[in-house]
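1. Quick one, structure for this:
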Amino acid sequence: MMPLDLALLAAICCAVSGVPALFARISPQLGRRISCCFVSAGAVSGLVAAAVMLLSESRPETVEMAWNLPLGTLCFRFDHLSAFFFIPVLIVSFCVSLYACGYFATSSENRSESLLTFYLGLSVGSMLLVLLSASTITLLLFWEIMVLTIFMAMCQDHANPDVRQAGLHYLVASHLSTLLMIVVAAMLPGSGIQPYPSVGTIDPHGLLPTVLILTALVGFGLKAGIMPMHIWLPSAHANAPSHISAIMSGVLIKMGVYGIIRVFSFFGTPPLWWGILMLTLGVVSAVGGVLFAIGQHDIKRLLAYHSVENIGIIVMGIGIAQIGLSSSNRTLFVLGMAGALLHVLNHAMFKSLLFMGAGAIIHVAGTRDIDRMGGLARALPLTSIFFLIGAIAICGLPPLNGFVSEFLIYLGLFKGFGTSSGSAASMLAIAAPSLALTGGLALACFVKVFGCVFLGSPRAILSKPHENVSMTSAMAIISFFCIIIGVLPFAVTRLLEPVIASLFPEQSAILPSIQTSAHLFGLSVAAVALLMILLLLTAFYIKRLKTTHTAETGTWDCGYAAPSVTMQYTSSSFAQMLVGIFSTVLRPERHEPLAKALFPQMERFESHVPEVVLEQGVIPVMLTFDRWFASIRRLQNGQLNRYILYIFIALMVLLALSDVI
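-> Modelled structure (predicted):
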């Protein structure tokens, strides 16, 4: 079979994987296992297709399928870019499907399990078909299926008003994104019916290309969650089931990144301001995302804001590549695009791992509030280890995968600053410390999360710990990829280089290799050495614990005779200083106790970091428009005779205009 055939087979297997779960005679547990088997078959088929496309001399394949609907033909194409994006989608989808086999067992509410299994499979299949789409009409069709199935999956607990509100925000943002994509389809050659333009065939100069690229950037940026277009993302990720959150954060938002890269590839050498704009959006999203994450108490909302941060890092890499193209700096293009693509893969791994860990944590703690957690390392020992691996990776620390992609982006920033001038050099100079600030704040944030969740003493009564084979196996597989990419980064470049070459406008040009530009082999040696040191230190510590007498005692309590778990640091107290420093951006809301008497009664202190863009920006503007148009809505009163009058008036006006013309 050809790679395209295997890729289509993978999409079909994933799309139908949840169908058996809908049969009444099949139990929800058996339905999940059958679904996992189908997704496994699809993952094998799709990964083989991706490997053949990326590691061999295979050329892109295209197939058109006729149908009776008046939208032209269904057009599918499997090329290097879609093959690369197949990898994170299939790996994460398989692990999430495996995780779901055990995750549902943690819930006492099983009424909607079968539907959720069906929606999960259909959403994964539609994502794969989005990647295979070769015309905008085909893309829009499967894009809308992807949007609706994820909406149905995240809103299974629709009795909860928070879930309904999050679903509404997601649906409005997604349909606005679709509307803008329709505009893009109308402006592209062929009006969306013909296959995509070839790489570098559209002149980027002029008004129409500018409008097209800005429209595409907003449309796909809404789906990717680029700040300030991220308004749907925190609440949607926080209120969806944890394994659906892993799919949404790990691979769904990458569809927006895929769309941005795909549209950019249609154009020739871009103007410099395209790269500067992307780099600016990346800096704002990366720094803004991690700042808002620090102030969160909800563990899933915190992880959602880190998705905004990491999308910003990916967009920074795309911006560096665009600056490299506009300045004819091929090394800069290679480093920027390699960093962006590798971070797409890395973020899919460690973020899905963190959301899986959050699902186990929430089951045991019975809450998403970090301030009510603590001491879970003893109840969830394996989950704590896997969560720590994900936390180290997302902070960009060696020797894990997050460090490698950020290292490539750092190299691009430094080399670009040394070879560029003017506004490009200034923006690159700002972006480098911004990326460093992002890494430092991310480290502070996950020190807070891990310390408050897993260390110390439990702050509340815990339910029965739940770590089953399915959940821990899924997290172990993702952890393995986080480690292996960090230790052997030069092996991953074999997958990246054909993708980067296919995106370069001058197809016949020879690009420098990633290994030549970044010297990843030396980085791999350092990662192996660091990993060995860590393993030796761990073995030494375990041996010493076994051979040395240890005793347990209370920590120093400042002389207080009756310490309690409520005296432990909370996430709010840990982040108080950082939230105060950046209060101008975060706009924290504090509800402080008031001592009105000599012996005041018990009071409460609460602090909250709002979603500034949504709550203090978008919603007030929408309410203003709602008040403006309230008077116009009186025209729509449900009386048929008035509607007939409106039609009559419209016809008279049109007849009068036709006479004038």
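2. Just to be sure, Lys77 is in a strand?
-> Just so we're on the same page, residue 77 is Arg rather than Lys. Yes - counting by DSSP: H, G, I helix; E, B strand; the rest coil, Arg77 is part of a strand.
3. Who's the closest spatial neighbour of it, skipping the chain neighbours?
-> Ala134 (3.4 Å; C-beta to C-beta, 6 or more residues apart in numbering). (Glycine included, C-beta is placed from N, CA and C.)
4. need the contact list for the one you found.
-> Ala134 makes contact with 62, 75-77, 195-196, according to C-beta atoms under 8 Å, 6 or more residues apart in numbering.
5. Ala224 reaches Leu252, doesn't it?
-> No - when contacts are counted by C-beta atoms under 8 Å, Ala224 is not listed as touching Leu252 (9.5 Å).
6. Touching, Leu90 and Gly42? I think so.
-> Yes - contact criterion C-beta under 8 Å: Leu90 and Gly42 qualify, at 7.0 Å.
7. Could you name every residue contacting both of the two?
-> 10, 128.
8. Please state the backbone phi and psi of the residue nearest the centre of the chain?
-> Geometric centre of the chain, nearest residue: Ser249, 3.4 Å, by C-alpha atoms, centre = their mean. For Ser249, the backbone dihedrals (degrees, to the nearest 10) come out as phi -80, psi -40.
9. now it: how far from Asn310?
-> 9 Å (C-beta to C-beta, to the nearest Å).
10. what sits in contact with each of those two?
-> With C-beta under 8 Å, 6+ apart as the test, Ser249 and Asn310 both reach Lys351.
11. In the stretch 251-400 of the chain, mark out all the helices, start to finish.
-> 254-265, 272-294, 299-326, 330-365, 376-379, 381-394 (DSSP state H, counting those that start in this stretch).
12. Going by contacts, tell me the helices and strands next to the second one.
-> With contacts defined as 3 or more C-beta pairs under 8 Å, 6 or more residues apart in numbering; DSSP states H and E, helix 272-294 has these neighbours: helix 207-224, helix 299-326, helix 422-454, helix 571-581, helix 583-586.
13. Please work out which of these is packed deepest.
-> helix 299-326 (a mean of 28; mean count of other C-beta atoms under 10 Å).
14. Tell me the buried residues in stretch 230-247?
-> 230-247 (16 or more other C-beta atoms under 10 Å).
15. Give me the mean pLDDT for it.
-> For stretch 230-247, the mean per-residue pLDDT is 90.
16. same deal with stretch 137-148?
-> Stretch 137-148 comes out with an average pLDDT of 91.
17. hmm, who's touching that stretch?
-> Residues from elsewhere that reach stretch 137-148, judged by C-beta under 8 Å, 6+ apart: 71-72, 74-76, 122-123, 126-127, 129-130, 133, 171, 174-175, 178, 181-182, 185, 192-193, 252, 255.
18. among the residues you listed, which are in strands?
-> 74-76 (DSSP state E).
19. Are any of those residues buried, and if so which?
-> 74-76.
20. Flag the least confident of the residues you listed.
-> Out of these, that is Leu74, at 85.
21. and that one, what does it touch?
-> Applying C-beta under 8 Å, 6+ apart, the residues near Leu74 are 64-67, 138, 141.
22. about what we covered before: I'd like to know which of the helices and strands packed on helix 272-294 lies nearest to His158.
-> Closest to His158 of these is helix 299-326 (C-beta to C-beta; 17.8 Å).
23. That closest one relative to helix 381-394, how many degrees between them?
-> Angle, helix 299-326 to helix 381-394, by axes from the mean of the first three to the mean of the last three C-alpha atoms, to 10 degrees: 30 degrees.
24. Now do helix 299-326: distance to the chain's middle.
-> Centre-to-centre, helix 299-326 and its host chain are 10 Å apart (C-alpha atoms, centre = their mean, to the nearest Å).
25. just stretch 157-165 next, same as before
-> Worked out by C-alpha atoms, centre = their mean, stretch 157-165 lies 22 Å from the chain centre.
26. before we move on, what about stretch 289-303?
-> 14 Å.
27. again with stretch 416-430
-> Counting by C-alpha atoms, centre = their mean, stretch 416-430 comes out at 28 Å from the chain centroid.
28. which other residues reach that stretch?
-> 272, 275-276, 279-280, 283, 320, 323-324, 326-327, 329, 332, 336, 413, 432.
29. between those residues, which is nearest Gln576?
-> Val283 (25.5 Å).
30. Do you know the pLDDT at the nearest residue to the closest one once chain neighbours are set aside?
-> Nearest non-adjacent residue to Val283, counting by C-beta to C-beta, 6+ apart: Ser434, 4.6 Å away. The model reports Ser434 with a pLDDT of 93.
31. need the contact list for Ser434.
-> 283, 286-287.
32. which of these count as buried?
-> Counted by 16+ other C-beta under 10 Å, the contacts of Ser434 give 283, 286-287 as buried.
33. and of those, the nearest to Ala474?
-> So of the buried ones among the contacts of Ser434, ranked by how close each gets to Ala474 (C-beta to C-beta), first place is Ala286, at 28.1 Å.
34. What's the separation between the nearest residue to that closest one once chain neighbours are set aside and Ala236?
-> In this structure, Ala286 finds its nearest non-sequential neighbour in Gly312, 3.2 Å apart by C-beta to C-beta, 6+ apart. Distance, Gly312 to Ala236, using C-beta to C-beta: 18 Å.
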